[in-house]
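Q: Quick one, fold the following:
(one chain, ligands or ions: 1)
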Amino acid sequence: MDHIQLDIVGADYVEASKPLLAFKSLIQLFRNETTLKKLTLRLVGPNVSSNSSRSFDFSENFTVKVVQELNLYHESSCPCGDASFLFNAGIWGYDSWIPTLEYIFKKGIPVIITSYNEFEADDDFDTLNEALYPKQWVVLKAPESNPYRSDASRDSGIEGRQCVENSYWMIIAGSQDPFQLDLKDFQSRLEHEALVVWKNATGIWGDAILEEIDMLMDLEKLDASKNRLPVKRDKDGSIIEGHLLAKHAVFEHSLVVDGKQVSNTLEFCPNIQSFVDTHGPALVMRLNQAYPGLALQGVDTLKVQVNDGGAFHMHYDTKTSISNRAITALLYLNPDYKSGQDGGELELFPFPLEPVLVEPAHDTFALFCSTETLHRVRTSRAKRRALAIWFSSEKPDELFFPSIVPPILNIDYSEEEIRQLKLLVSSRQSRRLLAKVKYRSHYHQSYFDAFGSSQIVKDAVALDHQETDKAEALLPKIVLRYLGF
Ligand SMILES: [Fe+2]
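A: Numbers count the residues shown, from 1 in each chain. Below you'll find the predicted structure:
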């Protein structure tokens, strides 16, 4: 990029009359950017003296053009710059900023907003949250102390509050709806393939979520991810003895459980909060429009998951008898992911279809049935982050994918055998059982991958072997042949 235009919104008379002095540090910063040949500063506001344009050649290779425009920014017909600045704007005190901010967000350009102190920064941020709802913007930098603030300070008139020019800053950008998903064949893909995956699903919103996940990690808000492993069961299948074990190097933090916010950490995460408030409900609405049979109600559970190494054992996400969770969605946020090298692939076993791998590459969004899709995460060899979302449905019992089972084509089977096999693979109960028998070796290995090889894990795997053996012994030969044995 050899030209950048920065819009100074609400510029005052002093800034407009002495721009080289007022923006000396800003110009210097951009002058140090060696590839930049031209910097345009567009000063717009009702307090600049007149409409004018001047150019200043700082060197053979670097020119600053200063444009003054006596106008309200949102009423101007001139093209917007690459970024806009609102210096010490005091958004909290002036409603007149709201149409300007709506205009900036609609244009999708980042806006850097500064304030005199921490208190005003918080007030500005709260005003944005309240006045510009539903939230169609992404926080690229939450309010924080600005390293480029002025050295001089003055009294604010309120004890304990000093005013320092540009003391705090935040960076926000417009984002109408981060989930720009192609939903054209959504229903058909879910019914036939049991899985839908989108690449480049959320853009800058995902980048902002990634920063928030890393921040939660730095703040040590994530805990070890644990599961209860049964080692002894009753005749009716209920657990007599089980042990809670942590998965090696897998951490998580729940933000929403049973449709309710359960964590106060959302206050540090304005973009994850925007999913809970705005983008989640909007996504539910659009998924329901594309596939009304899903009858999604809302976000049931929202979790942040990070693993640095480690794996997830094979599991179903839930049972309909204990939860309304119906659809699992995972947004992967791993910009440095190296395909074929970093591992950590989500592996789905959508029986009777063949297993499918989803790489956790950056901004990949995957969606599948929570109750009926056996899945695991293969061992990771790099840091792996995900935002995990479960949607509830009015009728989770009716969601069951693939709901359209591919034809059984085998000339060795009689018509009656095909009829019986079809019945089996179309039944929810037997499909779970058949999948477990078919993938028993993957199933058991995945426990060692996730939890290591302690005696408890060996006992849990041994119990599972016994149970799978029993189930397998009851299956007719035709079914075993169908499963590939
Ligand atoms: Fe899962």
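Q: residues in contact with the residue nearest to Leu86 when sequence neighbours are not counted?
A: Once flanking residues are discounted, Leu86 sits nearest to Ile113: 4.6 Å by C-beta to C-beta, 6 or more residues apart in numbering. All C-beta atoms are positioned from the backbone trio N, CA, C, and that covers glycine. Going by C-beta atoms under 8 Å, 6 or more residues apart in numbering, Ile113 touches Phe85, Leu86, Ala89, Ile91, Asp124, Trp169, Met170, Ile171, Ile172.
Q: Please, which helix or strand holds Gln297?
A: strand 296-308 (DSSP states H and E).
Q: Neighbouring strands of that strand in the sheet, and parallel or not?
A: Here strand 296-308 is paired, per DSSP bridges, with strand 239-257 (antiparallel), strand 383-393 (antiparallel).
Q: So for the longest one, what gets flagged as buried?
A: This points to strand 239-257. 243, 245-256 (16 or more other C-beta atoms under 10 Å).
Q: again, but for stretch 102-115
A: Residues of stretch 102-115 classed as buried: 102-105, 107-115 (neighbour count, 16+ other C-beta under 10 Å).
Q: if I look at the nearest residue to His362 once chain neighbours are set aside, how far off is Arg384?
A: Once flanking residues are discounted, His362 sits nearest to Pro335: 4.4 Å by C-beta to C-beta, 6+ apart. As judged by C-beta to C-beta, to the nearest Å, Pro335 and Arg384 stand 12 Å apart.
Q: More neighbours: which of these two?
A: A count of neighbours by other C-beta atoms under 10 Å puts Arg384 above the other of Pro335 and Arg384, at 24 against 11.
Q: what about Glu472, how many neighbours?
A: For Glu472, the count of nearby residues is 18 (other C-beta under 10 Å).
Q: what sits against it?
A: When contacts are counted by C-beta under 8 Å, 6+ apart, Glu472 touches Val437, Leu480.
Q: which element follows the helix or strand hosting it toward the C-terminus?
A: Using DSSP H and E, Glu472 sits within helix 455-474. Sequence order places helix 477-483 as the next helix or strand after helix 455-474, per DSSP H and E.
Q: re earlier: now do the SS call for the residue nearest to Leu86.
A: Per DSSP: H, G, I helix; E, B strand; the rest coil, the secondary structure class of Ile113 is strand.
Q: Dig out what it forms beta bridges with.
A: Leu86, Met170.
Q: now it: how far from Asn146?
A: Plainly put, Ile113 is 10 Å away from Asn146 if you go by C-beta to C-beta.
Q: Overlap in contacts, those two.
A: Shared contacts of Ile113 and Asn146 (C-beta under 8 Å, 6+ apart): Trp169.
Q: quick one: low-confidence parts of the stretch 351-485 of the chain?
A: Low-confidence segments of the stretch 351-485 of the chain, defined by pLDDT under 70: 411.
Q: cool, and the stretch 151-300 of the chain?
A: Counting by pLDDT under 70, the stretch 151-300 of the chain has no low-confidence residues at all.
Q: please redo it, this time with the cut-off set to 90
A: For the stretch 151-300 of the chain, residues meeting the criterion pLDDT under 90 lie at 151-162, 173-180, 203-205, 230, 232-242, 263-268, 270, 274, 277-278.
Q: So which residues of it form helices?
A: In the stretch 151-300 of the chain, the helices defined using DSSP state H, counting those that start in this stretch lie at 186-193, 204-218, 270-274, 280-290.
Q: and the third one, what other elements does it pack with?
A: In other words, helix 270-274. Judged by 3 or more C-beta pairs under 8 Å, 6 or more residues apart in numbering; DSSP states H and E, helix 270-274 is in contact with strand 137-145, helix 204-218.
Q: Please spell out the segments of the stretch 1-150 of the chain that come in under the pLDDT threshold.
A: For the stretch 1-150 of the chain (pLDDT under 90), the answer is 1-2, 12-17, 25, 29, 31-35, 49-50, 59-60, 77-78, 106-109, 129-142.
Q: at 80 what do you get?
A: Applying pLDDT under 80 to the stretch 1-150 of the chain flags residues 1, 33-34, 133-136.
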